[in-house]
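Chemist: Next come a sequence and a model predicted from it.
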Amino acid sequence: MMQRLKDFFAKRRLISGQALRDRRYHAFLQREKKTPRDLIYFGRRLMWRYGLHPHFLGNNTLLDNARYLTAYALGWPNPNPDATILDAPLRDADISRVLTLFERRIRERIPVEYITQEAEYLGRRFYVNEHVLVPRSLMSTRFQDFLANTHWSNRRVLDLCTGSGCIGITLALLNPDIQVDLADISEQALQVAAENIKRHGLENRVRCIQGDLFENIQQRYDLIISNPPYVASNHYRRGPQEFKNEPRLALESGRDGMDIVKRMLREAGAYLNPTGKLIAEVGFPTAKKIKRQYRNLPLKWYTYRKPNGKTAFLAIDGVFECQARDLPTKAIQDIIK
């Protein structure tokens, strides 16, 4: 069996080509016992050795990365099966599939979800590819509150900078009485969003609009919600490679990370109903800048517990809410201190 596996990798050139990593692959192949549990822990150690970032999958660990790829390769419906499955012997073809995915994760430094082309968001599965961010918005735990506390007039919602559409589509699934528009500057991202609309059977209530922020928006909304680009240029440059393999357009937002947020605050009022509101996720560093620069703008901040990869959780203010009546009607510079 070991020789067949070596031949499999050699034929497809899926071994790394790096002597040390190849030796580690072959050392694993030479083990007498090879179970899914063994594979998962081998994958975790290998990813750690090569400095991979867990990219917020599951509990933000490389163990979850290895577990998810193993489950996907072996066709498990649940990435956390019982011990009977985890400790069962594996066929050589099974081992080949799993190691192939481990090697791709290490070699390409892409998020796991780009390999599987699927991401879970609030218990639902969404199609993703390299043209959209991997869904991980902190807002998801507040969706029911956001919907319950919205003053409904025309029951329209705009998901701005939508990417995969996971936020707007999830809101539509939670409330069958609303119409949702998904807007993004990227036509390729909207192709992904359109696939997710179809997957969730929402063609009659959710549509896509292509344009630069509010460029082609012709409606007023009770709720505008967004997870816009908010990463400062220097932070983007210093970020892990996994982030740089996501769309830069969806992450970076100028020298201070505020370019899109400033435009949103300046323009959103024209697209909200009088009792409407804007909700946006901006992350902790940008939240500090907004608090400092927009002291006269009444904002409600939501605190979240976010995995930070080292300790268990980091409490942050990362999402703000602003009522339509409080958004500026004159030049935004007039309210900045």
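Modeler: Good, I have the coordinates. The model shown is predicted, which means the values in this text are computed figures rather than measured ones. Residues are numbered from 1 along each chain as shown.
Chemist: switch to C-alpha atoms for all contacts and neighbour counts from now on
Modeler: Fine.
Chemist: And the average pLDDT for the one helix or strand residue 41 maps to is what?
Modeler: Element membership of residue 41, judged by DSSP states H and E, is helix 36-49. For helix 36-49, the mean pLDDT works out to 96.
Chemist: now do stretch 134-143
Modeler: For stretch 134-143, mean pLDDT is 88.
Chemist: Now that stretch: buried residues?
Modeler: 134-140, 143 (16 or more other Cα atoms under 10 Å).
Chemist: so residue 105 touches residue 114, yeah?
Modeler: No - contact criterion Cα atoms under 8 Å: residue 105 and residue 114 do not qualify, at 9.4 Å.
Chemist: which helices and strands sit right next to the helix holding residue 41?
Modeler: Using 3 or more Cα pairs under 8 Å, 6 or more residues apart in numbering; DSSP states H and E as the contact test, the elements touching helix 36-49 are helix 62-74, helix 83-86, helix 92-108.
Chemist: okay, whichever helix or strand comes after the longest one in PDB with CA atoms only?
Modeler: Okay, so that is helix 92-108. Per DSSP H and E, the first helix or strand lying C-terminal to helix 92-108 is helix 112-116. Taking Å, rounded to 0.1, in the frame of the first residue of the first chain, the C-alpha atoms of helix 112-116 are listed here in PDB:
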ATOM      1  CA  VAL A 112      -9.800  25.900   3.800                       C
ATOM      2  CA  GLU A 113     -13.100  27.200   2.400                       C
ATOM      3  CA  TYR A 114     -11.600  28.000  -1.000                       C
ATOM      4  CA  ILE A 115     -10.500  24.300  -1.200                       C
ATOM      5  CA  THR A 116     -14.000  23.000  -0.300                       C
END
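Chemist: what lines up beside whichever helix or strand comes after helix 112-116 in the sheet?
Modeler: Following helix 112-116 in sequence order, the next helix or strand is strand 118-121 (DSSP H and E). Neighbouring strands of strand 118-121 in its sheet, by DSSP bridges, are strand 124-127 (antiparallel).
Chemist: How far off centre is the partner strand?
Modeler: Its chain's C-alpha centre and that of strand 124-127 lie 11 Å apart, by Cα atoms, centre = their mean, to the nearest Å.
Chemist: Would you mark the buried spots in that strand?
Modeler: Neighbour counts over strand 124-127 (16+ other Cα under 10 Å) mark 126-127 as buried.
Chemist: contacts for that strand?
Modeler: 117-120, 164, 166, 192, 195-196 (Cα atoms under 8 Å, 6 or more residues apart in numbering).
Chemist: then the next helix-or-strand element following it to CSV, C-alphas only?
Modeler: Next in sequence after strand 124-127, counting helices and strands by DSSP H and E, comes helix 143-148. Below are the C-alpha coordinates for helix 143-148, written out as CSV (Å, rounded to 0.1, in the frame of the first residue of the first chain):
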residue,chain,number,x,y,z
PHE,A,143,-29.2,39.3,13.4
GLN,A,144,-32.4,38.4,15.2
ASP,A,145,-32.0,41.6,17.4
PHE,A,146,-31.3,43.7,14.3
LEU,A,147,-34.4,42.5,12.6
ALA,A,148,-36.6,42.8,15.7
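Chemist: If you count contacts, what does helix 143-148 end up packed against?
Modeler: Using 3+ Cα pairs under 8 Å, 6+ apart as the contact test, the elements touching helix 143-148 are helix 166-174.
Chemist: distance between the helix holding residue 41 and the chain's centre?
Modeler: 24 Å.
Chemist: do the same with stretch 91-98
Modeler: Here stretch 91-98 is found 29 Å from its chain centre; the criterion is Cα atoms, centre = their mean.
Chemist: likewise stretch 30-48?
Modeler: Relative to the centre of its chain, stretch 30-48 is centred 27 Å away, using Cα atoms, centre = their mean.
Chemist: And that stretch, what's buried?
Modeler: By 16+ other Cα under 10 Å, the buried positions in stretch 30-48 come out as 34-37, 39-44, 46-48.
Chemist: Format these as TSV; extra columns: distance to residue 280.
Modeler: Below are these laid out as TSV (distance: Cα to Cα, whole Å):
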residue	distance to residue 280
34	47
35	45
36	41
37	40
39	40
40	37
41	38
42	40
43	36
44	34
46	37
47	33
48	34
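Chemist: May I have the strands that pair with the host helix or strand of residue 182, each with its orientation?
Modeler: For residue 182, the host element (DSSP H and E) is strand 179-184. Paired with strand 179-184 in the same sheet, following DSSP bridges, are strand 156-160 (parallel), strand 206-210 (parallel).
Chemist: Render the CA-only coordinates of that strand in CSV, please.
Modeler: Taking Å, rounded to 0.1, in the frame of the first residue of the first chain, the C-alpha atoms of strand 179-184 are listed here in CSV:
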residue,chain,number,x,y,z
GLN,A,179,-37.0,42.2,0.3
VAL,A,180,-33.2,42.2,0.1
ASP,A,181,-30.8,43.8,-2.3
LEU,A,182,-27.2,42.6,-2.4
ALA,A,183,-24.8,45.3,-3.7
ASP,A,184,-21.1,45.0,-4.6
